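[1] just need the structure, nothing else, for what follows:
(chains A and B)
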Number of protein chains: 2
Amino acid sequence: MTAFAMEPIGYVRGGRGVVEDDEWGAVRATIELDPSVVDAEATLGLDSFSHIEVVFVFDRVDPDGVCRGARHPRGRTDWPLVGILAQRAKDRPNRIGLTVCRVVSASGHTIAVEGLDAVDGSPVLDVKPYLGGFAPWGEVTEPPWATELMDGYW
Amino acid sequence: MTAFAMEPIGYVRGGRGVVEDDEWGAVRATIELDPSVVDAEATLGLDSFSHIEVVFVFDRVDPDGVCRGARHPRGRTDWPLVGILAQRAKDRPNRIGLTVCRVVSASGHTIAVEGLDAVDGSPVLDVKPYLGGFAPWGEVTEPPWATELMDGYW
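    Presented below is the predicted three-dimensional model:
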C-alpha cells in the first residue's frame, strides 16, 4: 500500500470558527494560498468562473475515530444505516471534504468565496474551476433521507 | 506546514489503460476497495444514488513536474494562459482528480461505474454520494475556452 503525502496549498480563513450542521449558504470566507506551495499566477483567470470545487481536510476529526463501515447519518436512527461512502459525513477515511462554492473574487494568493462549508483553519488540498461539463449526466436520483438531510443545510 | 498522509481506500480496475483526453462517457470500470482500509458495509446503500463523486490521484504524473503557476490548457496557445487552480489539468499540486460518474452497481468492496475519467490502477482516496443539494447554487458561468475544452470529453 502506498500512502500519498498531501501538502495543503492553503487554508480557509474566516467564516465559521465552529463546526455546525446547517445554514452554510451565506457564509463568506477566504482561501489563503501558501506562497511556498503555489505561485500568485495559480489563480489567474479563476474569477472568470462563477463557482469552484474545493477539496479540503476535516482536520478536526480524530483520524483514529473515522468510520470504516456503516452508520446512521447524523446519528438519526429514523434514517437508514448506510455506508460511510454512501454519505458525506466528516468522520470518513482520509477525512476529505468537497464542496462547490461561489467565487466572490480571486487574485494572487487570495480567493474569496461564499457558501464553503469548511471552518476557519481548514487545510485546502485543491481548488478546481466548476465546469458545466463536469455536472452529472442523465437523471440524478438519491434516497429520501439524503434530500431531508440537505433541507436547511445552505 | 503539515502534510497529510492519504491512504488509498481502493483502486480503479479496468476501463482505460492509457491516459487520453476525450470520449470518457461510455468507459466502464470498477473501484475495488481495500478490505484493510474499509469494511464491506462501507458501500451499504450506495446503489440508491445514481451518481458518486470520486476523489483519486493522478499517480502517473511526476510530482516534481507539477505546475504551480499558470499554463495554457492542453498547451493550446489559442486559449488563454490560466492558473493551474483555474483549470482541471492533471499536473497540479497534490495531483488530485475529481469526477462525478454514474453508479452501475455497488456491493461490498466493489463499485461498478460508468464515465469515470481515471485510468486503470488509479488510487482512490474517497467516494461520496452525489446529492442534488450539493449542486452549484445560482447561475453557473465559465469562460469560452472551458466550454470548448469539454466538447468531446465525454
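[2] drop to CA atoms for contacts and neighbour counts, all remaining ones
    Fine.
[3] and residue A:137, how many neighbours does it have?
    15 (other C-alpha atoms under 10 Å in any protein chain shown).
[4] need the contact list for it.
    The neighbours of residue A:137, taking C-alpha atoms under 8 Å, 6 or more residues apart in numbering or on different chains as the test, are B:101, B:102.
[5] quick one: the strands in chain A, in order.
    With strands called from DSSP state E, chain A shows them at A:4-6, A:10-13, A:28-33, A:51-57, A:70-71, A:82-83, A:96-107, A:110-114, A:123-129.
[6] span of stretch A:4-16 from start to end?
    This stretch, stretch A:4-16, spans 29 Å end to end (C-alpha to C-alpha, to the nearest Å).
[7] do me a favour and average the pLDDT over it.
    Averaged across stretch A:4-16, pLDDT comes to 94.
[8] report whether that stretch contacts chain B.
    Yes: residues of stretch A:4-16 contacting chain B under C-alpha under 8 Å from any C-alpha of the partner chain: A:4, A:5, A:6, A:7, A:8, A:9.
[9] may I see the PyMOL selection of the buried members of the residues you listed?
    Selection of buried members from the residues of stretch A:4-16 next to chain B for PyMOL, criterion 16 or more other C-alpha atoms under 10 Å in any protein chain shown:
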select buried, chain A and resi 4+6+7+8+9
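[10] give the buried residues for the helix or strand bottoming out on mean pLDDT in chain A.
    Sorting the helices and strands of chain A by mean pLDDT, DSSP states H and E puts helix A:144-150 at the bottom, at a mean of 92. For helix A:144-150, the neighbour count (16+ other C-alpha under 10 Å) marks A:146, A:149, A:150 as buried.
[11] hmm, it in reach of chain B?
    Yes: interface with chain B: helix A:144-150 contributes A:146, A:147, A:150 (C-alpha under 8 Å from any C-alpha).
[12] what sits against the nearest residue to residue A:38 once chain neighbours are set aside?
    The spatial neighbour of residue A:38 that comes closest, neighbours along the chain excluded (C-alpha to C-alpha, 6 or more residues apart in numbering or on different chains), is residue B:68 at 4.8 Å. By C-alpha under 8 Å, 6+ apart, the contact set of residue B:68 is A:37, A:38, A:39, A:42, B:84, B:92, B:93.
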